[in-house]
Every structure is written in C-alpha cells, then in structure tokens.
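Asks: please find the sequence and the predicted model below.
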Amino acid sequence: MSLSRFQTLRQYLNTVILGQPTLTENLLIALVANGHLLVEGPPGLAKTRAVKALCDGIEGDFHRVQFTPDLLPADLTGTDIYRAQTGAFEFEAGPIFHNLILADEINRAPAKVQSALLEAMAEGQVTVGKNSYKLPNLFLVMATQNPLENEGTYPLPEAQLDRFLMHLNLDYPSAETEMEILRQSRKEAQTHQLPSMEPISQADIFSARDAALDIYLAEPLEKYIIDIVMATRQPQHFNEELAQWIEYGVSPRATISLERCARARAWLQERDYVSPEDIQAVAGNVLRHRILLSYQAQAEGISTDDVIQKVLSLVAVP
C-alpha cells in the first residue's frame, strides 16, 4: 500500500483546516488505527469541517448528529416501521449507518442515547428490538464536547470514555493563522468552491491498516508501553507524588490503543518500525481520558496532562 495517497490526504486536510495540525494528524491516526475520537474544544474550531474534509478525501459518506437532551436512541440507530402495504414491520436505518459520524456535543444527550452510540463503536453493530444490524466495515465516530458550558449535560462515564481510542484537546489558533482563516473564508465565499482531491478507496484504507499492524515493534518498546501503563496502575512503585495524584489507572484497552496508535503514527511517518517518540507522541491523547485523578490532585489543580508528563518522565526509555 503506497503512502503517497495518505500524504496527499494529509496535505489536503491541512489546506482545508487551518491551524489545527493536531486534529488532522490524529484523524489520520484514528483512521489507520481503526478507532474513534473524542474531541474537546470551544465552538468554531473546525471540528465539523475536519470530518467533512476527511470524508471528501476518502471513499465514504458522512452524517452529523446534533446531540440534544430530547434525542432518543431510535433517532440515532433507526427503528422498526410498520408498512401498511405489507402488513409487516420493516427496519428503517438511522443516521449511524454511515462511514463517518460526527456526534456533536455527545454529552448533551441522555445515557440511553450515549449507550446506543457506544455499542455501535464497540461492537460494530446496533440492536433494535430482538435484531442486530451490522454497521459498515469502514466506521469512524468523532464525538465532540464543549468545555465552556456544563449546564444541561450528561457527562460520559469512565467506562464509556474508555471506548474512545483518543481524546484530543483543541485550542484557539494563533493570530497569524487567524488571518489565513479570514482570507480563506473570504475566498471560499467569493468562489463558492472548496479544495478537492481524488478520494482514497476503502480498499486502500483497509490495506493501510494491515500495513500498520505489520510495522516492526521491538520487544523493549513493548515493555516500554507496559511500563507506562503500569505506572498509572501502581504509581507507588515509581513516585510518591504520582501515587497521591492517581485514583485509578488505565485499562488494558489503553495498552492496545497505545500500541495501535504508535504503529499508525510510524506508518504515516513513512517508517517501518516504531520508535519511542511514536509512543510518547500519542501517549497524551490515548491516556488522557482513561486516568482518574485523586481528590488531592484536583484540589491542587493537577491535570491529567500533568500526570501523563510525570509518568513519561519517570518511565525509563529503552
């Protein structure tokens, strides 16, 4: 599988989405690692535009779902409809039966709706009544949360957060990038056109996933991943202060996700082996939503990012 198509896709995404290189890079990592993204950031940071641009660059369809407190699971998954012509019930597929899904403000929907989405993410299927329906083989969810307002929200439980491959935190672009955004917006309004590229086929995406799984990962780096994970579960063996900050460490899903994301990043960097830098680069986004802080850490203003940096500084690099 040639990397050139994916490098073209990366350039295309960075052309369409200005000032968010972290988002575009991790969209590609999630695509190659076959996982889902949780993105947190203020409104207007091109989250919807990013998924639409990714959909334009690959062979697939896209649907955006605005999560609200009155949303029902059937609004997402679909439901059985009675057909008077046949006298039988027939399943009417919901918006989740698309290749790319933007679950906008996922924490504004009640637990039943969140569970319906997370079953689809974990199992690749939805259940309606007594029947289960398989989702497309290419299926990627990018869920968003708005950190500025928590009124009327339903925070995702830790067990459900664990289903996401990565959790990204986005921030505002620089003044220079803001000027580029302004000019790009004006140009698009005048021409009514967006940049375009020839889409990557789904077969090429599946081949890329296989190629990433074949990337060489040395045994010392496997142990490095395990040591990072164990430092969150048994912090007292590494540092007294770290032990006071962590209430619960990460699950085995974090171990798997850390390896897959490191492999995907190495493949996208055009290397046939995983380096320690690959593991360190993805560690923050993979572990951020999986570490539970202690009350003491919260009282001291310690963030999960602080804890992850502490872990990486304590664990010996092979």
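Replies: Looks like it arrived, so ask away.
Asks: for the stretch 1-150 of the chain, which spans come out with low pLDDT?
Replies: Along the stretch 1-150 of the chain, the model assigns pLDDT under 70 to residues 1-2, 148-150.
Asks: ranges for the strands of it?
Replies: 37-40, 62-66, 78-83, 88-93, 100-104, 125-128, 131-134, 140-145 (DSSP state E, counting those that start in this stretch).
Asks: Thr177: which of those strands is closest?
Replies: Thr177 lies closest, by C-beta to C-beta, to one member of these: strand 37-40, at 18.0 Å. C-beta here means a position set from N, CA and C on the backbone, and glycine is covered the same way.
Asks: ok, the closest one: who's next to it in the sheet?
Replies: strand 140-145 (parallel), strand 166-169 (parallel) (DSSP bridges).
Asks: just want the most central residue of this structure.
Replies: Nearest residue to the geometric centre of the chain (C-alpha atoms, centre = their mean): Leu37, 1.1 Å.
Asks: with adjacent residues omitted, what lies nearest to it?
Replies: In space, and not counting its chain neighbours, Leu37 is closest to Met142: 4.6 Å by C-beta to C-beta, 6 or more residues apart in numbering.
Asks: from what I can see the one you found touches Ala46, true?
Replies: No - counting by C-beta atoms under 8 Å, Met142 stays clear of Ala46, with 11.9 Å between them.
Asks: comparing the two, which residue is more hemmed in?
Replies: The neighbour comparison of Met142 against Ala46 (other C-beta atoms under 10 Å) goes to Met142, with 26 against 20.
Asks: beta partners of that one?
Replies: Per DSSP bridges, the residues bridged to Met142 are Leu37, Leu102.
Asks: which residues does it contact?
Replies: Going by C-beta atoms under 8 Å, 6 or more residues apart in numbering, Met142 touches 27, 30, 36-39, 47, 50-51, 100-103.
Asks: ok, now how distant is it from Val229?
Replies: Using C-beta to C-beta, to the nearest Å, one gets 25 Å for the distance from Met142 to Val229.
Asks: got it, and Ala74?
Replies: Taking C-beta to C-beta as the measure, Ala74 falls 38 Å from Val229.
Asks: tell me which of these two has more neighbours.
Replies: More crowded of Ala74 and Val229, by other C-beta under 10 Å: Val229, with 22 against 15.
Asks: list phi and psi for that one.
Replies: phi -60, psi -50 (degrees, to the nearest 10).
Asks: ok, now the one 3 residues further on?
Replies: Note on Thr232: backbone dihedrals following degrees, to the nearest 10 are phi -80, psi -20.
Asks: can you give me the domain boundaries for the protein?
Replies: Listed by automatic domain parsing, the domain ranges of the chain are 4-185, 210-314.
Asks: so which of these gets nearest Pro199?
Replies: It's domain 4-185; of these, that one is closest to Pro199 (C-beta to C-beta) at 4.7 Å.
Asks: who touches stretch 43-61?
Replies: 9, 12-13, 16-20, 23-24, 27, 31, 39, 41, 62, 64, 98-100, 102, 104, 136, 138, 142, 144, 146, 148, 170, 172-173, 194, 196-197, 199-202, 205.
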